[in-house]
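[1] Let me see the structure of the following:
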Amino acid sequence: MKIGRKGPKNSAEAYVVPSDGGWTVSRSGGEHTSSTHATQADAIKAANSAVRVKGGEILVQGVDGRWRNRFVIGRDQMSTISGVEGLHLSSEMKKDFNDFDRRGLSDSDRRKAIAAKYGKKRA
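    Alright, predicted model coming up:
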């Protein structure tokens, strides 16, 4: 199965593939290894971090050599979904997300920061 790029041209691709007793994350077509991990889950987390800022695709190869998962992450894809749903980020929210990227916040920390700033205030 040929895996082709579907995301925007400025987006990144990260490949998670099995290697000598572990899992390797490589970028841009898989020519160069970015990192090696003991488990596939750890490699997927590293790939997620690698493509989070620009957005892109994470492609996961199984031990049998077949491509088994594809994850698309990033704001370009969310902008399309949000536009269809009629949701739009304010300029302040966009600044918040850029700050989260700059600080390297985890998904959990991002959720907490958003809830603290924009969630319902309790009386």
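[2] Contact partners for the closest residue to Val17 other than its chain neighbours?
    Of all residues not flanking Val17 in the chain, Gln61 sits nearest, at 4.5 Å (C-beta to C-beta, 6 or more residues apart in numbering). Heads up, the C-betas are built off the backbone N, CA and C, glycines and all. Taking C-beta atoms under 8 Å, 6 or more residues apart in numbering, we find Gln61 in contact with Tyr15, Val16, Val17, Pro18, Trp67, Arg68.
[3] Can you give me the pLDDT of Gln61?
    The model reports Gln61 with a pLDDT of 92.
[4] Return the set of residues that bridge with it.
    Trp67 (DSSP bridges).
[5] OK, contacts around Ser35?
    Ser35 makes contacts with Thr24, Val25, Ala43, Ala46, as judged by C-beta under 8 Å, 6+ apart.
[6] Filter these down to just the ones in strands.
    Among the contacts of Ser35, the members falling in strands (DSSP state E) are Thr24, Val25.
[7] I'd like the contacts of Ser35 as a markdown table, with neighbour count, pLDDT and distance to Gly56 appended.
    A markdown table is the format used below for the contacts of Ser35 (neighbours: other C-beta atoms under 10 Å; pLDDT from 0 to 100; distance: C-beta to C-beta, whole Å):
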| residue | neighbour count | pLDDT | distance to Gly56 |
| --- | --- | --- | --- |
| Thr24 | 19 | 92 | 17 |
| Val25 | 26 | 91 | 13 |
| Ala43 | 26 | 92 | 16 |
| Ala46 | 19 | 88 | 14 |
